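[1] Structure of the sequence below:
(4 chains)
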Protein chains: 2
Amino acid sequence: MDGRNTAALLYQAYLRLAEQINTATIARNPGSRPAHATVFIHMENEGIRLTRLAEKAMMTPQAMGELVDDLERLGYLRRVPDPTDRRAKLIVFTDQGRAALDSAFEVIARVERDLERLLGPRKLASLQAMLELITAS
Amino acid sequence: MDGRNTAALLYQAYLRLAEQINTATIARNPGSRPAHATVFIHMENEGIRLTRLAEKAMMTPQAMGELVDDLERLGYLRRVPDPTDRRAKLIVFTDQGRAALDSAFEVIARVERDLERLLGPRKLASLQAMLELITAS
DNA sequence: TCGCATTACTAAGGTAGCTTGAATATAATG
DNA sequence: CATTATATTCAAGCTACCTTAGTAATGCGA
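    Presented below is the predicted three-dimensional model:
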């Protein structure tokens, strides 16, 4: 079906890298699922409310609540009362959660190093610039 | 979360292009869903059996059967008896199905032309080469 | 010809990742 | 101080896309 289909090529390359990242992070953080990543992506160090987290991730508070439930059960997050509003809770990292975040950064950094070895630094930079251009187009 | 995450950039660029392709093809072929694309991708002009189609797409014949049911109902495919085996049926394109396939190619070609205008032919070729390299790595 | 394999179909079930709806507690406002 | 809005949570449901299980007809090798 493809005699030059850049979209398909992008997807395959993405799958290749995502598989590496998911495999490594799930191995390091047993019990976690890809969907949990959106929580880490939108977390804030000082703590964040569920509603705000949900807004940032563009989902309902209920859906985000389930993800946070999981990560709390797994020991990555904790809910503490928000001192400024007794209805609200602040979702904060545990030490384990911070370690998991660091670990995820390391995994990504390793993949980036592999890419740099594969393509060379100049070409990798060129690739990233083109991808940003496409996304913004 | 990203201070240079090529995987994320790849995904965003892919989403940008896929959204264009899906929107255009679904607009041209009402009733079709993204999952139906895998059928078109693995179809064969001379006709193909359900089991073989399922194998190529790496899913169960039952799952593929449903997709083919949909596309038959929508008028893109037809099941005809396989003259060489009375258990089997050949899934073949209707004229409408062939037109839809052509139309999908046109949509992709349009996206490729847009990309060529955005990046230039040399850089687009370089992008594709890098994506293939990543996929094969 | 007997027994097993293959092709397709029907039916039911499962999973991931969401949603909508409704309840409770607290806050903010006129 | 009555009303309305906000933060969270419990419960149920939904969609897309698959799966496993079981049935019937036909083909094929020993």
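[2] which stretches of chain A form helices?
    Residue ranges of the helices in chain A, as given by DSSP state H, are A:6-28, A:37-42, A:50-57, A:61-73, A:95-119, A:121-136.
[3] how far away is the residue nearest to the spatial centre of chain A from A:G31?
    What sits nearest the mean C-alpha location of chain A, by C-alpha atoms, centre = their mean, is A:A37, with 3.7 Å. Counting by C-beta to C-beta, to the nearest Å, the gap from A:A37 to A:G31 is 13 Å. For the C-beta atoms, the positions are set from N, CA and C on the backbone; glycine is no exception.
[4] again, but for A:A57
    Distance, A:A57 to A:G31, using C-beta to C-beta: 20 Å.
[5] Neighbour count for the two, which is higher?
    Using other C-beta atoms under 10 Å in any protein chain shown as the criterion, A:A57 and A:G31 rank with A:A57 on top: 15 against 12.
[6] residues from chain A in reach of DNA strand C?
    A:33-35, A:38, A:59-60, A:62-63, A:66-67, A:85-87 (C-beta under 7 Å from any atom of the strand).
[7] What about those, which one has the most neighbours?
    When neighbours are taken as other C-beta under 10 Å, the top entry among the residues of chain A next to DNA strand C is A:L67 (22 neighbours).
[8] any weak-confidence spans in chain A?
    Along chain A, segments meeting pLDDT under 70 span A:1-3.
[9] Could you dump the helices of chain A into a markdown table and include distance to B:R110?
    Output for those, formatted as a markdown table (distance: least, C-beta to C-beta, whole Å):
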| stretch | distance to B:R110 |
| --- | --- |
| helix A:6-28 | 12 |
| helix A:37-42 | 32 |
| helix A:50-57 | 32 |
| helix A:61-73 | 35 |
| helix A:95-119 | 28 |
| helix A:121-136 | 15 |
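[10] B:G97: which of those helices is closest?
    When these are compared by C-beta to C-beta, helix A:6-28 sits nearest B:G97, at 20.4 Å.
[11] For that closest one, which outside residues touch it?
    When contacts are defined by C-beta atoms under 8 Å, 6 or more residues apart in numbering or on different chains, helix A:6-28 is touched by residues A:2, A:32-34, A:37, A:100, A:103-104, A:107-108, A:110-111, A:115, B:6-7, B:10-11, B:13-14, B:17-18, B:21, B:108, B:111-112, B:115, B:124, B:127-128, B:131-132, B:134-135, B:137.
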